[in-house]
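**Student:** Fold the following for me, if possible:
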Amino acid sequence: MIDVFIVGAGPAGLSAANVCAKNGLKVKVVDEFMKAGGRLLGQLHEEPDGTWWNGIEEAKKLNDEAQQLKVEVDCGVSVYNIKKQNKSWKVYTTKGKFQTKALLLATGAAETAIPIPGWTLPGVMSIGAAQVMTNVHRVKVGDRGVVVGINILSAAITRELQLAGIEVSSMYLPGKNIATGDHGNPILTMKSMLKVASLAPSKLIRIGSKLMKSESLHPLALKFYPKSGIKVWGMPVHLRKAVIEIVGEKKVEGVRVAKVDLNGEPIVSTEEFIPVDFVCIAGGLYPLVELAAITGCPFQYVSELGGHVPVHSEKMKTPLEGLYVAGNITGIESAKVAMKQGTVAGYSVVQDLSNKKEAFQVQLKQAIQTVEETRNQAVIQFHPDIRTGRKKVYMSFKDKGLMKKRDFYGT
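**Tutor:** Take a look at the predicted model:
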């Protein structure tokens, strides 16, 4: 019998594992990828203070600590079933079955696909795949390409590709269709990006975004949006042009781009061909929740969190006894927030398995407060209304009578 079984060796899973191991619990962590670290492995960006956030180094720190604490981290392992057995959980993996007192799901997130004509050609990939190939495997994805889909994730990774010496000629909207939905809408895209414009490298963009607080001005701004796009890091970002087709015989040879109206509809006779050898498609992220569904955990759809998420408390506890969640499975946020959530989940497990529950009350409360502080300071926020989304889930948990009042600090 294992004390704690953790699915996901990313920032949340490893952080939780280390807290549990420090407090004397036997911990096993599994991950389907070949290396521990999760999405940390592909991250590299400059902080506002000029320092660099190197995800590979952060992952190494967490993994080294786990090894020192005798945490069993097993990579290349998939979990395909989970069953509740009395007061324990039985986890079915590709390397055997395991019985555990506490089960933490830290499975992270997956990318939303945006289908565009020609998207099955070799040379077309998700923006996240380009990030992993570049920063993890050190494989050059191509010589010159475009990014289709304008959001905070694609902007951050595009910069990483540039830093690796890869030419990204432009960022475009995807051609509007039933599948691309809001991603192909210029006004909605502008609205979402204005909320994170304070992070823009251009002072002109930052000042301009402050003048665009009134939504009534957005259509006017788009009407006069520069035909050549607005340059960010020397690369034009187009809100009035969309990629309507990826072109090539046996591989990507270019994209067909058309000007679009304020609703994202292509304008007749405005098409042009842009030669490129790779295309990155960015549709955003959604919580990876399949394993939570297998357990029977209740869900709630919260758009601010990226989709359906397991109902949980601030302590990262679900309504099911012995089941915990942490990281992007609970909603799309930065790796720093995921790490702090993992710490909360770790203390929750330790407290629940301890004979002296009150002894960990202070640490748990402080860990919850640290999550909120980290969220407030996050450089990259995938949704500006993340706090509203969090409150919805916590209140749902509370309203259903699934959590005692003491689980809510300060509410």
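**Student:** mind giving me the domain ranges of this structure?
**Tutor:** 2-110+285-407, 113-281 (automatic domain parsing).
**Student:** Save these as CSV, and put in mean neighbour count too.
**Tutor:** For glycine as for every other residue, the C-beta is placed from the backbone atoms N, C-alpha and C. Below are these laid out as CSV (neighbours: other CB atoms under 10 Å):
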stretch, mean neighbour count
domain 2-110+285-407, 20
domain 113-281, 18
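**Student:** weakest of those in terms of mean pLDDT?
**Tutor:** Ranked by mean pLDDT, the domains of the chain end with domain 113-281 at the bottom, a mean of 85.
**Student:** How far away from the center of its chain is that one?
**Tutor:** For domain 113-281, the gap between its own C-alpha mean and the chain's C-alpha mean amounts to 19 Å (CA atoms, centre = their mean, to the nearest Å).
**Student:** From the opening residue of stretch 238-258 to its closing one, how far?
**Tutor:** Its first and final residues considered, stretch 238-258 spans 11 Å by CA to CA, to the nearest Å.
**Student:** helices or strands up against the longest helix along the chain?
**Tutor:** Ordering each helix of the chain by length in residues (DSSP state H) puts helix 335-353 first. Counting contacts by 3 or more CB pairs under 8 Å, 6 or more residues apart in numbering; DSSP states H and E, helix 335-353 packs against strand 2-7, helix 11-22, helix 55-68, strand 96-105, strand 323-325, helix 361-377.
**Student:** packing partners for the helix or strand following the fourth one?
**Tutor:** Going back to what we said before, that points to strand 96-105. Where DSSP states H and E defines the elements, the next helix or strand beyond strand 96-105 is strand 109-111. With contacts taken as 3+ CB pairs under 8 Å, 6+ apart, strand 109-111 sits against strand 285-287.
**Student:** Relative to the strand it packs on, what are the paired strands and their orientations?
**Tutor:** Sheet pairing of strand 285-287 (DSSP bridges) gives strand 109-111 (antiparallel).
**Student:** closest one to residue 129 among the helices and strands packed on helix 335-353?
**Tutor:** Residue 129 lies closest to helix 55-68 among these, at 15.7 Å (CB to CB).
**Student:** contacts for that closest one?
**Tutor:** With contact meaning CB atoms under 8 Å, 6 or more residues apart in numbering, helix 55-68 is reached by 9, 11, 14-15, 17-18, 21, 29, 35-44, 73, 135-136, 335, 339.
**Student:** got a list of contacts for the following helix or strand past it?
**Tutor:** Scanning forward in sequence from helix 55-68 by DSSP H and E, the next helix or strand is strand 72-75. Applying CB under 8 Å, 6+ apart, the contact partners of strand 72-75 are 9, 14, 17, 27-36, 63, 66-67, 95.
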